[in-house]
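1. My questions are about this predicted structure, shown below with the sequence.
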Amino acid sequence: MSVLIDALRSDDVQRCAELERSLFPGDDPWSADAFRAELSSPHNYYIAARSEGRLVGYAGLARLGTGMDPESEVHTIGVDPDVRRCGIGSALLAELLRAADRWGGPVFLEVRTDNDAAIALYRREGFETVGTRKRYYQPSGADAYTMRRPDRREERER
């Protein structure tokens, strides 16, 4: 499967909301308006995965902190269930991490404690579990791990 990673656009938000409903049915999936709000923030970086012109995945990152004390947070990664296990989630995460590394600092994220595939992906990319947020996802009440990937500068200093 050939996939192009490019910028998420405002005309993608309906498809993102559709994917959200199928991916996160019990956990208050994001609406098209929520995606529009994310796209409008100058501190966010959102990308799309497209196959044959169709949006098959999306991902977003927030650049936080300051130039002196930067950090980033992965806000979301979603891949169409029909094309899972094709490397799309890995490609989206890799692009987010490139953007985070340009900004600098550690990268944080939350992931459901029962999402073994995502946890394995994050661990492969250097994330470690640093905490648990009880009942983080609503309304399901599912727990989330908080994970952190160290600043690449920290890793070089070791």
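-> Noted; the coordinates are in hand. Numbering: from 1, shown residues only.
2. Tell me the secondary structure of residue 22, please.
-> When classified by DSSP: H, G, I helix; E, B strand; the rest coil, residue 22 comes out as helix.
3. burial of the closest residue to it other than its chain neighbours, as a residue count?
-> In this structure, residue 22 finds its nearest non-sequential neighbour in residue 81, 6.2 Å apart by Cβ to Cβ, 6 or more residues apart in numbering. The way it works is simple: take the backbone N, C-alpha and C, and place the C-beta from them, glycine included. A count of neighbours around residue 81, defined by other Cβ atoms under 10 Å, yields 10.
4. what lines up beside the lengthiest strand in the chain in the sheet?
-> Across the chain, the longest stretch assigned as strand under DSSP state E is strand 54-65. Strand pairing for strand 54-65, determined by DSSP bridges: strand 44-51 (antiparallel), strand 70-79 (antiparallel).
5. The next helix or strand after the last one packs against which elements?
-> It stands for strand 70-79. Using DSSP states H and E, the next helix or strand after strand 70-79 towards the C-terminus is helix 88-103. Here helix 88-103 touches strand 4-7, strand 44-51, strand 54-65, strand 70-79, helix 116-124, going by 3 or more Cβ pairs under 8 Å, 6 or more residues apart in numbering; DSSP states H and E.
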